[in-house]
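**Student:** coordinates for the following, if possible.
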Amino acid sequence: MFACSSVDGKAGLQWLYLVEGQALVCSAGWWQGSGVCVRDPRPRTVWLGHPEKRDQRYPRNVINNQKYNFFTFLPGVLFNQFKYFFNLYFLLLACSQFVVEMRLGALYTYWVPLGFVLAVTVIREAAEEIRCYMRDKEVNSQIYSKLTARGRLGGSSVPANQRVPADMIFLRTSEKNGSCFLRTDQLDGETDWKLRLPVTCTQRLPTASVSCLHTKHYTCDPPVNESLSIENTLWASTVIASGTVVGVVLYTGRELRSVMNTSNPRSKIGLFDLEVNCLTKILFGALVVVSLVMVALQHFAGRWYLQIIRFLLLFSNIIPISLRVNLDMGKIVYSWVIRRDSKIPGTVVRSSTIPEQLGRISYLLTDKTGTLTQNEMVFKRLHLGTVAYGLDSMDEVQSHIFSIYTQSLFSIPLPGLTLATKVRKTMSSRVHEAVKAIALCHNVTPVYESNGVTDQAEAERHYEDSCRVYQASSPDEVALVQWTESVGLTLVGRDQSSVQLRTPGGHILNFTILQIFPFTYESKRMGIIVRDESTGEITFYMKGADVVMAGIVQYNDWLEEECGNMAREGLRVLVVAKKSLTEEQYQDFEARYVQAKLSVHDRSLKVATVIESLEMEMELLCLTGVEDQLQTDVRPTLETLRNAGIKVWMLTGDKLETATCTAKNAHLVTRTQDIHIFRLVTNRGEAHLELNAFRRKHDCALVISGDSLEVCLKYYEYEFMELACQCPAVVCCRCAPTQKAQIVRLLQERTGKLTCAVGDGGNDVSMIQEADCGVGVEGKEGKQASLAADFSITQFKHLGRLLMVHGRNSYKRSAALSQFVIHRSLCISTMQAVFSSVFYFASVPLYQGFLIIGYSTIYTMFPVFSLVLDKDVKSEVAMLYPELYKDLLKGRPLSYKTFLIWVLISIYQGSIIMYGALLLFESEFVHIVAISFTSLILTELLMVALTIQTWHWLMIVAELLSLSCYIASLVFLHEFIDVYFIATLSFLWKVTVITLVSCLPLYVLKYLRRRFSPPSYSKLTS
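**Tutor:** Numbering: from 1, shown residues only. Sure thing, here's the model as predicted:
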């Protein structure tokens, strides 16, 4: 029987290999935190091949990301639509027409528009559900090898390059090195490889025995006690790098770690939609007021409450039911245009509901590594204290290594490398020890692949350089190992227990791995204990960040200074050290280490304490400097954003010096700006003094660490945010993912401005989802940030065009479209009000049947909607003059001022058309309808032409098509319009006069305004 138990409330597992049993007993605890589910810690017994013995039901191993099923789709969609007031309002209006006393016309005049709106919504939701279903089906249809014939939990075999189907315990691998690598891109967004180790006792079993665990009994006397860690688990959706692995399935379906750790992102509603919603509420208030005034002018006679309802129905056009549909369809067009832009290839719009947000961004918060930089590491510096080697002097390092291994060419092993000398070490031996430490202290594994000429087995046997690929959990690690290869010391082989290095002369050096201590974010260092097979010498190598290594290495007077110098050059610095151990020292350590690993309580703390007993007085060997190069065109993009009035904040987990240097290198901080480095504060008093010191500086960029930021936000949140928002740029280093999201949230609350977050890794997801507009960069850290974002780009430089061109156009177009739809509705409502007033406040509709439907659909829909193609300047001009973007930050295209102007225009035009028709009609009511409706259609078409700034051929087609549709339909509208009358000259001159009076003054005003108060963009288009 295998038994696992949770340790310290974390995802630790304890393994117990007992006698005569076939059951796996496992209990696991999960990390607890925001948005993370906690799995039930009760023990679980897995009966291999005997599902009838189980004591609980397990979920099917399928994923389901759909919001609805076949039965809940239609009710769910309709509920989500009608839970909003205005959709419910239009539904009640349509339903009221079934009451005879309230009916104002044919039923279809209310139900057809509402049905069209609902149909568009249902079709869009159905398309999303079908796409989601197809994605789920593709994942759920993958086939895996199942070792147990029955039951959902049991043994499973997964070959290389396939995803793990469920959460499993790693039992065995076919790889000779006894380990395998995983890619966890779908789990945490990281594309680096993660090392996984099988359970030792099952790895020793023959392959056939592991495959038949459910049919055989194994007896171990005495029982084998073995502790487990994260390294012994295989999580669902991770990819196996090489070989075939066998594991036992513990959790499936909705109990998977990836599923339970998934939190639903907040539903983002754009600021533009909120503003339109506010204007719609004002229109509703106007509707109620107009209805009450009409009834009041009747002195509330008779059943006045019924008259109020009839007037509410009569003037319901004041609130345009087509507004929401037009805006939603406009968003679809904007998304399509963004995807089709050849200058930003690979851009994906994942949230088509907020493209207007891109046009009003005030704060841009960006990650550093992989977003501003390429996440491609290049080894730039080796520093030994008294001498440093750069790219131009690496040949000297190579010559030192060559001289070490050739001075005793025929002596193997080389005694000069292992005997401690009393004299001062030569430079060659110092360089050699540093390079050897770098070549041994890592988690890199060389993997050999067939290259078409040499097969895999032969390449691995002869260590073929052309077939070798390095796998590691960090690109820094690979860069270091590739550098040691370039200077002559090559990593050619590695398994769970040994490492092989090749010297410049082709000799293979063998080392046995005794212990390895992986890098963690808490420890910020990694270590390895190896034994040289040729001499038997045991050495403990360690490398890590300078902040932790400074207290571990022997006293020196150059470490802190040189680390600072290298960090100021933008290099990622690692400190490398070593310590020689005797056999007795190592045996004593191993005994204490094994005992600590078997502890049930406080295991992590006890293990760390034992390891720290070794980490004292280590010999400092060298510093390594690796550079992460800037992305293409980062500098001009940041300059464009700055000129557009957008303040850029860089939030990174890197150290202060590196982050500051990158900010300077990327021109996030200009050459003329000072930088205030916020010193480390730990309490309220220190924070108060430092804030006062910062307050006295002006036009100064701020650099602050995550620890200091936490203290400031705890005691002086308002004061700090007030000062930070005044800075031209802010750099937050050593920033945790939760802090990134907190900063975004504080900016939104304190400033009320729109924020945009840009990142490329799994640690940026919380920031991206918290921001008003999240942009993910598809980079080397995987696609998790890209998939979680509202917009996905392939390079940071594409952000400039996404904001300056597409964001600006989307906002201005939607502003014009929404106000024109409102104008269209207010015009006909004004005409109805005038008509009712003239005819003794009667609640009789002016237009009925198809006229009222056709007005907002086939007669005016296409020209009005063609405004989504309008633009005031060319895209090249918008990129060249980012100052144009700054004008949008105040929200002037859609404001109470512009709304009031359009309301006055609507009242003027509606009144002119209606009073003109009443003055010029010839004693027949049908003539009023013909003259006023034709003038109304022509006025709307001319107003669209007046509003358009750059004509598109589709706009011309829409204008001509709408006019043609109206003229052609007159033949079928004899019920409402006298066909013989419209063919007379009298009709033509009356319609022409009314249309000119309603439109010509507006054309004159537009000309005068452009002549004496031109907009900012007019000079650029002339």
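**Student:** and Glu129, what does it touch?
**Tutor:** Neighbouring residues of Glu129 by CB atoms under 8 Å, 6 or more residues apart in numbering: 66-68, 73. All C-beta spots, glycine's among them, are computed from the backbone N, C-alpha and C.
**Student:** please, a PyMOL command that selects the buried ones among these?
**Tutor:** Buried residues within the contacts of Glu129, by 16 or more other CB atoms under 10 Å, are selected in PyMOL with:
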select buried, resi 66+68+73
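**Student:** select the longest helix from the chain.
**Tutor:** The residue-count maximum for a helix in the chain (DSSP state H) belongs to helix 108-140.
**Student:** could I get the average pLDDT for stretch 61-69?
**Tutor:** The pLDDT scores in stretch 61-69 average 75.
**Student:** what residues does it touch?
**Tutor:** 76-77, 125, 129, 132-133, 135-136, 139-140, 152, 165-166, 249, 252-253, 259.
**Student:** distance between the ends of that stretch?
**Tutor:** By CA to CA, to the nearest Å, the extent of stretch 61-69 from end to end equals 18 Å.
**Student:** now find how far off-centre the longest helix of the chain is within its chain.
**Tutor:** The chain centroid and the centroid of helix 108-140 are separated by 25 Å under CA atoms, centre = their mean, to the nearest Å.
**Student:** what sits closest to Cys733 if chain neighbours are left out?
**Tutor:** Nearest residue to Cys733, sequence neighbours excluded (CB to CB, 6 or more residues apart in numbering): Ala659, at 4.0 Å.
**Student:** how far away is that neighbour from Ile675?
**Tutor:** Here the criterion is CB to CB, to the nearest Å. By it, Ala659 lies 11 Å from Ile675.
**Student:** and Glu770, by the same measure?
**Tutor:** 27 Å.
**Student:** show me which of the two is the more surrounded one.
**Tutor:** Glu770 (22 against 15; other CB atoms under 10 Å).
**Student:** surely the more buried one is in contact with Gln739?
**Tutor:** No - assessed by CB atoms under 8 Å, Glu770 is found out of contact with Gln739, at 11.3 Å.
**Student:** in stretch 395-411, what's buried?
**Tutor:** Neighbour counts over stretch 395-411 (16+ other CB under 10 Å) mark 397-398, 400-405 as buried.
**Student:** pull the distance from it to the chain's centre.
**Tutor:** Between the centre of stretch 395-411 and the centre of its chain there are 50 Å (CA atoms, centre = their mean).
**Student:** all helices for the stretch 51-200 of the chain, in order.
**Tutor:** Assigned by DSSP state H, counting those that start in this stretch, the stretch 51-200 of the chain shows helices spanning 73-82, 85-96, 108-140, 185-188, 200-203.
**Student:** now, of those, which is deepest in the fold?
**Tutor:** Most buried of these, by mean neighbour count (mean count of other CB atoms under 10 Å): helix 185-188, with a mean of 19.
**Student:** now do that one, average pLDDT.
**Tutor:** 61.
**Student:** one step back: so can I have CSV of the buried residues of stretch 395-411 showing distance to Glu175 and pLDDT?
**Tutor:** Formatted as CSV, the buried residues of stretch 395-411 follow (distance: CB to CB, whole Å; pLDDT from 0 to 100):
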residue, distance to Glu175, pLDDT
Val397, 33, 92
Gln398, 33, 91
His400, 35, 90
Ile401, 30, 90
Phe402, 33, 90
Ser403, 37, 88
Ile404, 33, 86
Tyr405, 30, 84
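**Student:** which pair of those spans the longest distance?
**Tutor:** Greatest spacing in the buried residues of stretch 395-411, by CB to CB: Val397 and Tyr405 (13.1 Å).
**Student:** the bottom helix or strand of the chain by mean pLDDT?
**Tutor:** strand 6-7 (a mean of 33; mean pLDDT, DSSP states H and E).
**Student:** now do the contacts for Ile513.
**Tutor:** 496-499, 528-530.
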